[in-house]
Each structure stands twice: as C-alpha cells, then as structure tokens.
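S.K.: Just to be clear, the model below is a prediction. Sequence and coordinates:
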Amino acid sequence: MSSSACADAASSAAIPFAAGGQPARRGAINLYAAEADAFDDAEVAVLTQLARDVEAGIRRLQAEAEHARTVEALGLSEARFRTLME
C-alpha cells in the first residue's frame, strides 16, 4: 500500500510477531482499512494467531538451517578425524 493510501486509512492494525508472549523484534503484520473501527476483537485475535504462526515458522526455518550447519560441521570434523587416524 502506498504511503498516501496509509494516510487515508480510517483504521489500522499492527500485530507484532511474538515468541512465547514476548515481542520477537522481527516485524509485524500491518493492515489498513478505509472504514473506521474495521478490526473487531475477533479479527484481532485471528491476526494475533497469524503473527504467532508466522513467527513460529520463522523460528522453525532458523532451527532447520542451524541443524544443517551443525550436520555439515560434524561431517567435516569426522572427515578430519579419519584423516588423522589413517
């Protein structure tokens, strides 16, 4: 959305990504609407769950990447050990 469209919005919702109830400092879901009071409690609850799910997905991808790096480092270490033992 362009900055002028955001300025014309009558409602906005910014739902931060959260991990374990704490802000993850990774970003937020930002929504804008032309109508006033466009986001009721039920919609905010759904958006909050969406933000938690996105954060969980990001953490999962980071954990998988860390695991891959660890497996690679272990393989290199084992190869060096085999070379020393030969």
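M.R.: That came through, no problem.

S.K.: Quick check: phi and psi on residue 15?
M.R.: phi -110, psi 110 (degrees, to the nearest 10).

S.K.: partners of it in the sheet?
M.R.: Note on residue 15: beta-bridge partners by DSSP bridges are residue 29.

S.K.: Number the residues from 3 up from this point.
M.R.: Sure thing, new numbering starts at 3, so read that last one as residue 17.

S.K.: My guess is it contacts residue 51. True?
M.R.: No: contact criterion Cβ atoms under 8 Å: residue 17 and residue 51 do not qualify, at 9.3 Å. Yep, even glycine has a C-beta here, placed from its N, CA and C like the rest.

S.K.: of these two, who's got more company?
M.R.: In this view residue 17 and residue 51 are compared by other Cβ atoms under 10 Å, and residue 17 has more residues nearby, 20 against 11.

S.K.: so who does that one touch?
M.R.: Contact analysis of residue 17 by Cβ atoms under 8 Å, 6 or more residues apart in numbering lists 30-32, 46, 49-50, 52-53.

S.K.: show me where pLDDT drops low in this structure?
M.R.: For the chain, applying pLDDT under 70 flags the ranges 3-7, 21-26.

S.K.: center of it, which residue is that?
M.R.: Compute the mean C-alpha point of the chain, and by Cα atoms, centre = their mean the closest residue is residue 57, 3.2 Å away.

S.K.: Phi first, then psi, for that residue.
M.R.: phi -60, psi -40.

S.K.: Can you tell me the closest non-neighbouring residue to it?
M.R.: residue 19 (4.0 Å; Cβ to Cβ, 6 or more residues apart in numbering).

S.K.: Look at that neighbour and tell me its secondary structure.
M.R.: Following DSSP: H, G, I helix; E, B strand; the rest coil, we place residue 19 in the strand state.

S.K.: With distance to residue 75 and neighbour count as extra columns, can I get the contacts of residue 17 in JSON lines?
M.R.: Below are the contacts of residue 17 laid out as JSON lines (distance: Cβ to Cβ, whole Å; neighbours: other Cβ atoms under 10 Å):
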{"residue": "30", "distance to residue 75": "34", "neighbour count": "16"}
{"residue": "31", "distance to residue 75": "35", "neighbour count": "14"}
{"residue": "32", "distance to residue 75": "38", "neighbour count": "12"}
{"residue": "46", "distance to residue 75": "43", "neighbour count": "13"}
{"residue": "49", "distance to residue 75": "39", "neighbour count": "17"}
{"residue": "50", "distance to residue 75": "37", "neighbour count": "15"}
{"residue": "52", "distance to residue 75": "35", "neighbour count": "13"}
{"residue": "53", "distance to residue 75": "33", "neighbour count": "21"}
